[in-house]
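Engineer: Here's a sequence, model it:
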Amino acid sequence: MLICLRLGTRSSNLLRHLHKGFLPAVCSLPVSGYMFGRGIVCSDAAAEAARFGYTSVDRPEGFLVLAVASLGDEITELTSPPEDTKSLEDKKAGVMGLGRKKTDEKEHFVWKDDIKVPCGSLVASEHKNSTLEYNEYAVYDPKQVCMRFLVGVKFEEQDVKYEEVDPAGEDAQVE
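Structural biologist: Here you go, the predicted model:
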């Protein structure tokens, strides 16, 4: 299965990715982005990819890489971290982490060479108890990911209320 996915990256890592491509994670942790072992993790949701770009309210600019990922013929679907990621890494299987939100499948389209492009509004999925907020995909061989587009983006939070905070902190002496 070929699918076009989004990967977020810090601008400090961008040149390395453009030069060497995306490389698998160096560790395995039970948190988003690392829970599938030492793989290359992508998402079908721009909001999830943006988290990996480490954007914030005071620094909303970032980069998304649109890449074609080959998940293979046998895709393992999970809603929580596996006990042992070694078997996934060894088989080089494609992994799909099923999130509580997904892109609306009615808005997906097929691009050249039968590449599925998930896009559109986020909707609730049937996996309400998943540990993941959004769908994530992992592949274990850098040859399974081909960067196609680099997109500079400025993220704008919607319906968010900000409160003023004193940068010196609550306990600062007032003179």
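Engineer: Run a quick neighbour tally on residue 133.
Structural biologist: Neighbourhood size, residue 133 [other C-beta atoms under 10 Å]: 16. Where you see a C-beta, it was placed from the backbone N, CA and C, and this is true even at glycine.
Engineer: whoops, I mixed them up, residue 95
Structural biologist: Residue 95: 25 surrounding residues under other C-beta under 10 Å.
Engineer: does it sit in a helix or strand, and which one?
Structural biologist: If you go by DSSP states H and E, residue 95 is part of strand 94-97.
Engineer: now for that strand, which elements pack on it?
Structural biologist: Contact partners of strand 94-97 among helices and strands, from 3 or more C-beta pairs under 8 Å, 6 or more residues apart in numbering; DSSP states H and E: strand 75-78, strand 136-139.
Engineer: Which neighbouring elements make contact with the helix or strand following that strand?
Structural biologist: Past strand 94-97, further along toward the C-terminus, the next helix or strand under DSSP H and E is strand 101-103. The criterion is 3+ C-beta pairs under 8 Å, 6+ apart, and the helices and strands that strand 101-103 contacts are strand 122-124.
Engineer: Direction included, what does the strand it packs on pair up with?
Structural biologist: Under the criterion DSSP bridges, strand 122-124 sits next to strand 101-103 (antiparallel) in its sheet.
Engineer: in the strand it pairs with, what counts as buried?
Structural biologist: 101-103 (16 or more other C-beta atoms under 10 Å).
Engineer: Kindly reformat those residues as TSV containing distance to residue 51.
Structural biologist: What follows is these, written out as TSV (distance: C-beta to C-beta, whole Å):
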residue	distance to residue 51
101	13
102	16
103	16
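Engineer: the strands in this protein, which residues?
Structural biologist: Secondary structure of the chain (DSSP state E): strands located at 2-9, 40-43, 61-70, 75-78, 94-97, 101-103, 109-111, 115-117, 122-124, 136-139, 145-154.
Engineer: What residues are bridge-paired with residue 111?
Structural biologist: Residues in a beta bridge with residue 111, per DSSP bridges, are residue 115.
Engineer: I'd say it and residue 117 touch.
Structural biologist: Yes. Applying C-beta atoms under 8 Å, one finds residue 111 in contact with residue 117, separated by 5.1 Å.
Engineer: so where's this structure uncertain?
Structural biologist: Counting by pLDDT under 70, the chain contains low-confidence ranges at 1-2, 4, 6, 9-12, 25-34, 53-56, 93, 157, 160-163, 165-175.
Engineer: State which helix of this structure is the longest.
Structural biologist: helix 11-20 (DSSP state H).
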